[in-house]
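In: structure, please.
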Amino acid sequence: MRSPFQRDRDRIIHSSAFRKMKFKTQVFIYHEGDYFRTRLTHSLEVAQIARTICRHLRLDEDLAEAVALAHDLGHTPFGHAGEMALNQMMKEYGGFEHNEQTVRVLTKLEQCYVGFDGLNLTWEVLEGVIKHNGPQKKPRPTIAQLDKEMDLKLGSYASLEAQIANLADDIAYLAHDCDDGIRAGLLDPDAMRELPLAGGVLTRLKKDHGTLKTSRLVHELTRHLIKQAVGDLITETEKRLAGLRPKNADEIRNANQPTAAFSAEMEKDLEILKKFLFTNVWRHFKVNRMTSKAKRLIREMYQLFMDETNTLPNEWQYLDQQHLNKLEAKTKARHIADYIASMTDRFATTEHERLFAPTPILR
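Out: Numbering: from 1, shown residues only. Next up, the predicted model:
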């Protein structure tokens, strides 16, 4: 009844890691408001954009959707703040990187099927998740080991569908972070009128509709930003396909440049928008305060678990039926990182409270 890529997509959607993204940070912590994006809603938006582009180009929508839905499964609680903290604590044990963690989730940590660990996904989906940002010149250990087993052709580009999923990710977060930033009161739309993409949209909206309610303004801004970027991506990708004239997927993989791409002008405009968001949203002092708090929370839990493994939940004190204290430090550290990375923002906050609050908390 389903193609292999449809089956992969469904296994991803039914995984526990996918459900947990509902309470994992995109930019704003879940308790700051019900309407801000989370990792889950972000992944759904990426998948929708990727499917739209693939349908127009007559590519495999299900492959692109599976890659899009899976690409953030390895994120820690509190987004990149949690990742930076874990990477710092894991420095002497190989560090921590969310793309590698996604592969660990997909191939090992999800344990819901009786016949195998992970989700047993197709080669194409795993390749797409691993290489959606481009060739892997220096693969992380988990990816290098998987490459030995599956020959993922790490030095080449991913499929066109995976390349599109990667650019759909850029389109989604740049557009919706404008939306969330305005709703959160961190961005003034008037300050965006000089930006090459947003400025034109805001000027047209003002001319055609006058002063709009914020709810209408941010939605119109978001959808027009997406429309411009998607249209440009399709046009440039069609140009590159016409020049390459690939006969099969491997010719896409072995091209000397990405086949899916924005035009040079759009690339420049998106970079300007990205720098604007970096300064005004991602590094706003209110976001910085939450980032600092999140890093401290992750570091404190990790150090306590390393020093006192008996504070871990019973099922996490063992790996392959061996107690963590009997394992080498590197294996022990990676196992603890797996536990922390699996947490939602809400669970991590509560777990930290259980561990460090001066009064007993047993719930």
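
In: mind checking which helix or strand of the protein has the lowest mean pLDDT?
Out: Within the chain, judged by mean pLDDT, DSSP states H and E, the helix or strand with the poorest mean is helix 198-209; its value is a mean of 90.

In: what residues sit buried inside whichever helix or strand comes after that helix?
Out: Next helix or strand after helix 198-209 toward the C-terminus (DSSP states H and E): helix 214-244. Residues 217-218, 220-222, 224-226, 228-230, 232-234, 236-237, 240 are the ones in helix 214-244 that count as buried (16 or more other Cβ atoms under 10 Å). (Each C-beta comes from the backbone N, C-alpha and C, glycine too.)

In: check which helices and strands helix 214-244 sits against.
Out: In terms of contacts (3 or more Cβ pairs under 8 Å, 6 or more residues apart in numbering; DSSP states H and E), helix 214-244 is packed against helix 39-57, helix 160-183, helix 198-209, helix 264-277.

In: can you tell me the element the nearest residue to Arg253 once chain neighbours are set aside falls in?
Out: Spatial nearest neighbour of Arg253, excluding adjacent residues (Cβ to Cβ, 6 or more residues apart in numbering): Ser156 at 4.2 Å. Using DSSP H and E, Ser156 sits within no helix or strand.

In: low-confidence regions, the stretch 101-250 of the chain specifically.
Out: Scanning the stretch 101-250 of the chain for pLDDT under 70 picks out nothing.

In: and if we set it to 90?
Out: 132-133, 180-181, 183-191, 206-208, 210-215 (pLDDT under 90).

In: okay, now Asp8: neighbour count?
Out: For Asp8, the neighbour count with other Cβ atoms under 10 Å is 27.

In: equivalent analysis for the one 4 residues further on, please.
Out: Other residues near Ile12 number 27, with proximity taken as other Cβ under 10 Å.

In: measure the most centrally placed residue in the chain to Asp307 for me?
Out: Nearest to the mean C-alpha position of the chain, by Cα atoms, centre = their mean, lies Asp72 at 3.1 Å. According to Cβ to Cβ, to the nearest Å, Asp72 and Asp307 sit 30 Å apart.

In: tell me the secondary structure at the residue nearest to the centre of the chain.
Out: Using DSSP: H, G, I helix; E, B strand; the rest coil, the structure places Asp72 in coil.

In: is it in contact with His98, as I believe?
Out: Yes. Using Cβ atoms under 8 Å, Asp72 is in contact with His98, at 7.4 Å.

In: contacts only, for the residue nearest to Leu119 when sequence neighbours are not counted.
Out: In this structure, Leu119 finds its nearest non-sequential neighbour in Arg11, 4.5 Å apart by Cβ to Cβ, 6+ apart. By Cβ atoms under 8 Å, 6 or more residues apart in numbering, Arg11 lies in contact with Leu119, Asn120, Leu121.

In: could you dump those residues to CSV with secondary structure, distance to Gln48 and neighbour count?
Out: Formatted as CSV, the contacts of Arg11 follow (DSSP: H, G, I helix; E, B strand; the rest coil; distance: Cβ to Cβ, whole Å; neighbours: other Cβ atoms under 10 Å):
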residue, secondary structure, distance to Gln48, neighbour count
Leu119, coil, 22, 25
Asn120, coil, 26, 15
Leu121, coil, 21, 23
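
In: which one of those is nearest Gly200?
Out: Leu121 (41.0 Å; Cβ to Cβ).

In: which residues does that closest one contact?
Out: With the criterion set at Cβ under 8 Å, 6+ apart, Leu121 makes contact with Asp8, Arg11, Ile12, Ala66, Ala70, Leu106.

In: I'd say Thr222 and Asp179 touch.
Out: Yes. Counting by Cβ under 8 Å, Thr222 does reach Asp179; the two are 4.6 Å apart.

In: read off the pLDDT value for Leu63.
Out: For Leu63, the pLDDT comes out at 98.

In: that one sits in which helix or strand?
Out: Going by DSSP H and E, Leu63 is in helix 61-70.

In: now swap in Lys293 and tell me
Out: helix 285-307.

In: that older thread, just put the contacts of Leu121 in CSV and tack on distance to His209.
Out: What follows is these, written out as CSV (distance: Cβ to Cβ, whole Å):
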residue, distance to His209
Asp8, 43
Arg11, 44
Ile12, 40
Ala66, 39
Ala70, 39
Leu106, 45
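
In: now, the most widely separated pair of those residues?
Out: Maximum distance among the contacts of Leu121 (Cβ to Cβ): 10.3 Å, for Ala66 and Leu106.

In: quick check: neighbours shared by those two?
Out: With Cβ under 8 Å, 6+ apart as the test, Ala66 and Leu106 both reach Ile12, Leu121.

In: more neighbours: which of these two?
Out: Ala66 (33 against 26).

In: check contacts around that one.
Out: Phe5, Asp8, Arg9, Ile12, Leu121, Val125, Gly128.

In: list the contacts of the first one.
Out: What it means is Phe5. Going by Cβ under 8 Å, 6+ apart, Phe5 touches Asp60, Asp62, Leu63, Glu65, Ala66, Thr122, Glu124, Val125.

In: looking at these, which is nearest Thr102?
Out: The nearest member of these to Thr102, counting by Cβ to Cβ, is Val125 at 11.5 Å.

In: excluding residues flanking it in the chain, which one is nearest Val129?
Out: Val129 sits nearest to Ala70 (Cβ to Cβ, 6+ apart), 5.2 Å away.
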